[in-house]
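Q: What follows is a protein structure lacking sequence information:
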């Protein structure tokens, strides 16, 4: 098992290096550099050139890359030219918002998909299954941003049940119970929108997994042992079909990253996704590249997590 | 003759295809006694596995007609609860492919232990473990303590089949149904598994129904043999009679098609064609008639029944009296 | 002169392992196999799963890469021939085990049987069709079958289509890899009979690979027994079945169920004796790695893997 | 082998194949669609919309539609403007028609380009296996872990001379992996089958085996996958346009119409701008998906309906 994990982590290293190179190239392609935002346009060009030399902007690219990586390790992602503050600090403010939103979404995804998938798979071809499958069809076909817009319009504006923007009501004192509830209240609609759409693939997967497992020979063995149908479900089918779902966990995270960009922008939720869009529109490129790098690393870690979970739960990989 | 353990009368198992029912098992009657091996032989599609599944009540969507009397009790339309009390306790089943028959995500000990737990919930965990290890030893698995904690994929095919057998005999069933238990195994492993099954039968005084396509296995194991063709038993007799004096054309063809050990390079006498598939079975008349067109129609019965031609030897349809291979001279 | 000569054939597959996925070891699927086949004969290669018999057959026809050793066909060394060297493939053909997967389900019988013709012979559509129809008739299928798809045939019929394809180029040697083990007994007999018929008709040589000793005995003149990638014994059918010398061969022969129920007790006793001998004398017949020794000849026709004397 | 015995009787299937064409052939796919009412209606809807949209957009004057007219801002539906106007006074209906045409066209284009590239990539990796597969799969794995949406947005923002073509190239560059992976895994399985081995012994070249033997056996899953991809790509394009990183500004798109709804006023009070576009995307994606799912059922015998 540990061998598998170590191997998997070793595969990850070139991925991260490649990602950083790609991001670095993107950063270099972007118009302007660290100085363009900082310096007063009135300063004479010679001083700028001097500054450039000092900052190493005229060095060959590999030295620049090495310096960039060194800075990364020290947590220095550069300066945001729009907010005039270190990118690290800027992202830090938004990070928590996105993490909490994603967590709530994940909880909702599993809270929806597991019961629906189980019902749909166990009672396949009944009317209940058809309703659930119908939902997954529609959910599969609906783009997240349209669904989120409709949710906002209906529950936010028309019914007025939920706030239509922000992460917390101004004036609520942080640290109180009320504050926490208020945060959740603001997150609920975006999280629900995202969960209801992204969960359908898990529902479908779980349903198919259960139907497949039902037809396996070892289910016959269990029946021949004298196990009752409910025991067969609880002891054999459930266990065997839920394990791959557990392994999906990491990939769910990956899927959420794209989702947050849409949802945060639609619900004006101050998270990293919204920050990313803003930074692109405002040409605040050091922020955009840093966010891309962060999301990229999160995706890589998500994939790693999934593979490790899979190796943990499946003895065929665990024991080798 | 000892008292019959299992008595099947006119069993008919039908499956729904489109809007019609087709009988995979049709008019099958047989008995199995204690400490006896009844072999059911036939080729793909003859209905032998469907028969085994019917006896174990493992078909969920089939229509079952007739009687399955197990120790005097009719199981043909028993409820799921009744079945789960009998299955695994009084009847055990051994499957063809030991790899797929075991849950890949469960350790061996738990899989066998489950069979014990289901029919005796009062045994403590420790006792159950001891019993499982005992069983593993009984089916000839070396290092049972270690195997207890292993997963199926860590064992070889022969060992896996021993585990499947251990599961089947966990509660000392009186009837064992083995569905092609050695087909997936190498020949040296096959002989070991067959020896093990014979041993267990003697020990437990159990009846065994052995489903197989391999006449060699039949000759080694069986006390009595039923030959199935197209859902029906065409011939049933004790093993010596059947191999020495086969009567039904199909039985004769089957026995002749085994490359035997006597003479190399001799021609095999065999009737061309295959077992027709379920939807294309003739519903009336002799089901084998289409494959022996050189035998006159009048030789067949209109509604073929099993005839007892000598004590304990039954043959279906009168065509056997007139049958000869096409290569043979007509007497 | 023998038609096929295999000299010290080795096929090793790398095992990837460790953290970096490097080759840590080799599976010696075939490890030093030598034999030769005379023209017009049927040579049987027997062994249990994992013995390397199939790999040997596939290596001869170029489906598995040969690690070392030589394959000589009609005296010519074709070891390093790749598939580009066409004429070898005209002369050596293969019949596969699984009649379901060996025919492309999306192709009509015409396209399946004509595939070798299209690769090696430039025929017009008309000629091609005629040839395919002739071939189908030869294997006992109706010429109208050319427009059907494989799934419209039964297992035995499919195997005949596979044979028609294999004999389309009039090969000299056919490697038959478990050609009947996926078939029912009576269908198996039908195909075996037919294979004997066309052997006479087309003057074919067979390398017949099987795990079924009954079938091998029925079909073959000469037999090689393999165990863990090595030969344990080779000889005429007579030698192997009536005078087996190696304990592994004895055990294998003893394990075949006797078709006569009257000899059941006798047979069981014999089998137990052999098993006892096998357990007691295992170390006399196999080296410290549990592998067979090199072959020593004990008569003109009979070779057994025994440790060198002295 | 003996398995047939039980499976034959258990799966209540397989009769009508006796006289049918090739077992997974296109005819079966077609028959399945026709049999499935929902899928058939969906297919008709797609064909209808496509014809209408491409037909009407021939008559419409695109320059006229995208021209800003400050005198008629935010007009509700009227005789002159069937679906009213947007904040620039532009005709929403015209934008809807041309937008749908553009979204469909790019959906098809990207699906086709990712399909061709992905099939060749996957087929190569799967068929040759070994080192080739190893290298190709490492590259693919890396592409898979990139944060797709963000990278695409950054590229869209960066690329000079941005046009519909560069947009579809960027999309293609980051979307071929799914189908490549699918084709690779199917090819890996397929090449182990004896018919591929047989072709080798019969003297067929690798290229010939890949494209004339293996590929036809993958055709149905390719069709299914590409149909589902088409729906996904239409959604992606409109999503990107919605965020402002899709089509160039001068090219109308369904997503652009929807992006006006990020203005709360528009969202609440000017339904005519965004609701028709939203409905159209939904119906289109639902229809394409329905067809795709019906095809999927057709290729999967277990789920085939009667």
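A: Arrived safely. Quick caveat, the model's predicted, so the values are computed rather than measured.
Q: Just give me the neighbour total for residue C:217.
A: Residue neighbour count, defined by other CB atoms under 10 Å in any protein chain shown, stands at 23 for residue C:217. Any C-beta I mention is one placed from the backbone N, CA and C, and that applies to glycine too.
Q: Model confidence for it, exactly?
A: pLDDT for residue C:217: 89.
Q: Just the residues contacting the helix or strand where it lies, thanks.
A: Using DSSP states H and E, residue C:217 sits within helix C:213-219. Contact partners of helix C:213-219, identified using CB atoms under 8 Å, 6 or more residues apart in numbering or on different chains, comprise B:187, B:216, B:258-261, B:264-266, B:268, C:42, C:44, C:46, C:180-181, C:188, C:192, C:195-196, C:206, C:208, C:210, C:223, C:237, C:241, C:252-253, C:256.
Q: If any of those residues are buried, put those into a ChimeraX selection.
A: Of the contacts of helix C:213-219, the buried ones go into a single ChimeraX selection, burial set by 16 or more other CB atoms under 10 Å in any protein chain shown:
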select /B:187,216,258,259,260,261,264,268 /C:42,44,46,180,188,192,195,196,206,208,210,223,237,241,252,253,256
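Q: Out of the contacts of helix C:213-219, which are close to chain D?
A: Counting by CB under 8 Å from any CB of the partner chain, residue C:181 from these sit close to chain D.
Q: excluding its backbone neighbours, what's nearest the one residue in the stretch 51-200 of chain D that gets nearest to chain C?
A: Ranked by CB to the nearest CB, the top residue of the stretch 51-200 of chain D for proximity to chain C is residue D:194, at 3.6 Å. The shortest distance from residue D:194 to any non-neighbouring residue, by CB to CB, 6 or more residues apart in numbering or on different chains, is to residue C:102 (3.6 Å).
Q: Then residue B:98?
A: With CB to CB, 6+ apart, the residue lying closest to residue B:98 is residue B:160, at 3.6 Å.
Q: Tell me if that neighbour really is in a helix.
A: Yes: membership of residue B:160 in a helix is supported by DSSP: H, G, I helix; E, B strand; the rest coil.
Q: Could you report the distance from it to residue B:189?
A: 10 Å (CB to CB, to the nearest Å).
Q: Now do the SS call for the residue most central in space within chain B.
A: Taking CA atoms, centre = their mean as the criterion, residue B:211 is the residue nearest the geometric centre of chain B, at 2.1 Å. When classified by three-state DSSP, residue B:211 comes out as strand.
Q: give me the beta-bridge partners of it?
A: Beta-bridge pairing of residue B:211 under DSSP bridges involves residue B:40, residue B:179.
Q: and it, what is it in contact with?
A: Residues near residue B:211 by CB under 8 Å, 6+ apart: B:39-40, B:48-49, B:51-52, B:177-180.
Q: Okay, it and residue B:40: tell me how far apart.
A: Distance from residue B:211 to residue B:40, by CB to CB: 5 Å.
Q: shared neighbours, these two?
A: Shared contacts of residue B:211 and residue B:40, defined by CB under 8 Å, 6+ apart, are found at B:48, B:51-52.
Q: What is the nearest of those to chain D?
A: Checking the shared contacts of residue B:211 and residue B:40 one by one against chain D (CB to the nearest CB), the nearest turns out to be residue B:48, at 6.6 Å.
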